[in-house]
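J.: here's a sequence, model it:
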Amino acid sequence: MARLGFALALGLSLGAQGQTLNDQGPPKHRVVHKNTLAARLNPLGLVYDGRFVYRLRLYQSESKVFRDNFLGLGLAPGAAPAFGKIGLYAEAQPMNILGFWAIYEYMQYFRTLDLLQS
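T.: This next block holds a predicted model:
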């Protein structure tokens, strides 16, 4: 049964073209949503960490190393049972193998699960 589930998942994922570049550069303007949703054991709960980013391509290049370059600016929300946060997110990637990012966040603790900021 596990093999059937794996084969089905693999077969469905082969047709996904999503945001693959297919030998072409990314568009000049794009909006990207990246997220992480995870379950925690201690303290118990779900954690969401997201990024909503507008990206502007810096220059056009046919080289695979320099093709996906951009400046990005966006929001970084996050939530868990013990806290909520929102922030500004900036990123720069002058080439595929070199990227920088920075985030400035405001975080509020809910005083649940006996967690307090010290």
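J.: any idea how far the residue sitting nearest the centre point of the chain lies from residue 66?
T.: Geometric centre of the chain, nearest residue: residue 34, 2.4 Å, by CA atoms, centre = their mean. Distance of residue 34 to residue 66, given as CB to CB, to the nearest Å: 22 Å. For the C-beta atoms, the positions are set from N, CA and C on the backbone; glycine is no exception.
J.: also residue 72?
T.: Here the criterion is CB to CB. By it, residue 72 lies 17 Å from residue 66.
J.: looking at these two, which is more packed in?
T.: residue 72 (19 against 16; other CB atoms under 10 Å).
J.: per-residue confidence at that one?
T.: What the model reports as pLDDT for residue 72 is 97.
J.: so what's it up against?
T.: 32, 53, 54, 55, 56, 89, 90, 91, 92, 93 (CB atoms under 8 Å, 6 or more residues apart in numbering).
J.: kindly report the same for residue 25.
T.: Taking CB under 8 Å, 6+ apart, we find residue 25 in contact with 57, 60, 61, 62, 67, 68.
J.: pretty sure residue 106 contacts residue 83?
T.: No. Residue 106 is beyond contact range of residue 83, at 10.7 Å (criterion: CB atoms under 8 Å).
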